[in-house]
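Colleague: just a sequence and a predicted model for now, questions to come.
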Amino acid sequence: MQLDLTTLTLLFLAAFGAWYWWRAQETKERALRAARQACEKADVDLLDQSVYLSGLGVGRDDRGRLRFRRTFTFDFTATGEGRYRGRIELLGQVPQAVEFEPHRF
């Protein structure tokens, strides 16, 4: 069996796509865990038990290395009546900041 350059390129792209999807799912799980912990600490309830990718960029970590900077949003409630939006930022796989919209207690 002989592989030409086109076939090798397609195989490489498929493997890279699968690897990137797998890493993105792992990052999303980390963001969800961090959002759950932040909601528990702030005494609010995480709604839908999910986070959504809302931003993607590049930033430098403490050692000066380039990392993906991902921003995830999530919904929460404090009283059970209102729905508010929160935001969590990850640099690589490390949560950097969590923000909550102003909400009622």
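Modeller: Done, it's in.

Colleague: show me the shaky parts of the protein.
Modeller: Applying pLDDT under 70 to the chain flags residues 1.

Colleague: nearest residue to the middle of it?
Modeller: By C-alpha atoms, centre = their mean, the chain has its centre lying nearest to Lys28, at 4.1 Å.

Colleague: in contact with Arg65, which residues?
Modeller: Counting by C-beta atoms under 8 Å, 6 or more residues apart in numbering, Arg65 touches no other residue. C-beta coordinates here come from the backbone N, C-alpha and C atoms, glycine included.

Colleague: what separates it from Arg33, distance-wise?
Modeller: 23 Å (C-beta to C-beta, to the nearest Å).

Colleague: counting by contacts, list what whichever strand or helix holds the residue nearest to the centre of the chain packs against.
Modeller: Secondary-structure element containing Lys28, defined by DSSP states H and E: helix 5-42. Using 3 or more C-beta pairs under 8 Å, 6 or more residues apart in numbering; DSSP states H and E, the elements in contact with helix 5-42 are strand 45-60, strand 66-77, strand 84-91, strand 94-100.

Colleague: okay, the angle between the longest one and strand 94-100?
Modeller: Put plainly, it is strand 45-60. Angle between the axes of strand 45-60 and strand 94-100 is 130 degrees (criterion: axes from the mean of the first three to the mean of the last three C-alpha atoms, to 10 degrees).
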